[in-house]
Every structure is written in C-alpha cells, then in structure tokens.
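Participant: dropping the sequence and predicted coords here.
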Amino acid sequence: MFSGIIEEVGTVESYDGETLVVRANQVLDDLKISESIMVAGACLTVTSLAQSDSTFTVETVPETRTRTNFGDLTPGSKVNLERSLRYGDRVGGHMVQGHVDGVGSVRSVIEDGNSRIIVIEAPENIIENVVEKGFITVDGTSLTVVDRNDDSFSIAIIPYTFDHTTLNERPEGSKVNLEADVTAKYVANLIEPYLNNLKK
C-alpha cells in the first residue's frame, strides 16, 4: 500500500521489457530485496540492490506492460518512486495500491496563476470511477480531480508537485499511468448487480 506522495524521481538505467534497473538515492536508504516499491504508479518487487552504483532492480511481467506506459521507458527516462507505507505513518495523499488501471493521454497543460491545469483523456473503465474532488493517481502521484467529462478529467498541480515529480516532463500527447480510487472501484463493483437488475 502507498499514499501517492512521491519521495523521489529516479532515472531508468536499463529496461529490456522484463528487467528494469532504476538509479535512485533517497528510496535506497532502507530498501530491501523482496520489498514492494512503486515505480511510475506500478507496485513492483525489488529483486536486487546495488549500493555501489545506487540502483535497484525490479521485474515486470506482461500484465504490467499491458496496463502501463512502461513500453515507452528507455535509459534516461524519469520515474516517480515511493516506498511502501509503514503502519502508523501519516498518509499525506490517499490509499494507493499501485495497481495501474490503464494508460491515459495528456490532452492539454495550461498555466493558471501559480498552478497548472492538466487535462487527461482516459479510458471508460477509469472515467466511470472518477468523481469531481475525488482522488486519482497519475504516474503514482496522488492528485485531486478538478472536474470530469465523459472521456477526460482535469487536475490542478501546485508548483512543488510539478517540480518534484515527472509531471513536469509530460507535455501534450504524453502517456500516463492511472489508478482510480480503490474505494470508488469497490463501491462500483458492489452496486453493479443492482444496476443490472434495474435495466432488466
């Protein structure tokens, strides 16, 4: 479990479609092999650590690659990083699983005073679980939804978040990993049978 509060932006050293090596600093402090770490919104398992060159390694599987934008990762790509939560820690964002629901596309980035409004086009399975002023995770970052349309939603980014995540490297057309709020998904799943009965 994660909170969507990004600890550090790491750099991809290598990725062959399965083995992903990331260079980092802060998250290596107490990271251990077999622990979970969130990379660009995806919960992955650490398989090796190399303190000598400040890298850690995770493995990805076909499901990961299908659900995420990892196919775009190349050496030098920047990725948001967050270690898993400890019981008793503050949760500054929202409860994030690191289970990416799908990939969205940045439609526009507009400056609005000291913030930026980012509009993201998203698949229907994600949009149906997005609500105004609710939570959404974009590349692992916990954000508040400004508004939602039939095929997109918008988020307002404060300067600190823009400067300390990969959102500053996501121009129009960029692909981003999205995870809808888990509470919304559970509620939708619970009421689906009742809605289906009403349609009969």
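Facilitator: Thanks, I have the structure now. Numbers count the residues shown, from 1 in each chain.

Participant: list the helices and strands the top strand by length along the chain packs on?
Facilitator: Criterion DSSP state E: the longest strand present in the chain is strand 102-112. Where contact means 3 or more Cβ pairs under 8 Å, 6 or more residues apart in numbering; DSSP states H and E, strand 102-112 is packed against strand 115-121, helix 124-127, strand 175-180. (Glycine included, C-beta is placed from N, CA and C.)

Participant: of all these, which lies closest to residue 50?
Facilitator: strand 175-180 (25.3 Å; Cβ to Cβ).

Participant: so how far is the closest one off the chain centroid?
Facilitator: 6 Å (Cα atoms, centre = their mean, to the nearest Å).

Participant: now the angle from the following helix or strand past that strand to strand 175-180?
Facilitator: Using DSSP states H and E, the helix or strand that follows strand 175-180 in sequence is helix 182-199. Inter-element angle recorded for helix 182-199 and strand 175-180: 70 degrees (by axes from the mean of the first three to the mean of the last three Cα atoms, to 10 degrees).

Participant: any idea of the mean pLDDT for helix 182-199?
Facilitator: Summarised as a single mean, pLDDT over helix 182-199 is 73.

Participant: so how far is that helix off the chain centroid?
Facilitator: 24 Å.

Participant: list the buried residues of it.
Facilitator: Residues of helix 182-199 classed as buried: 182, 184-185 (neighbour count, 16 or more other Cβ atoms under 10 Å).
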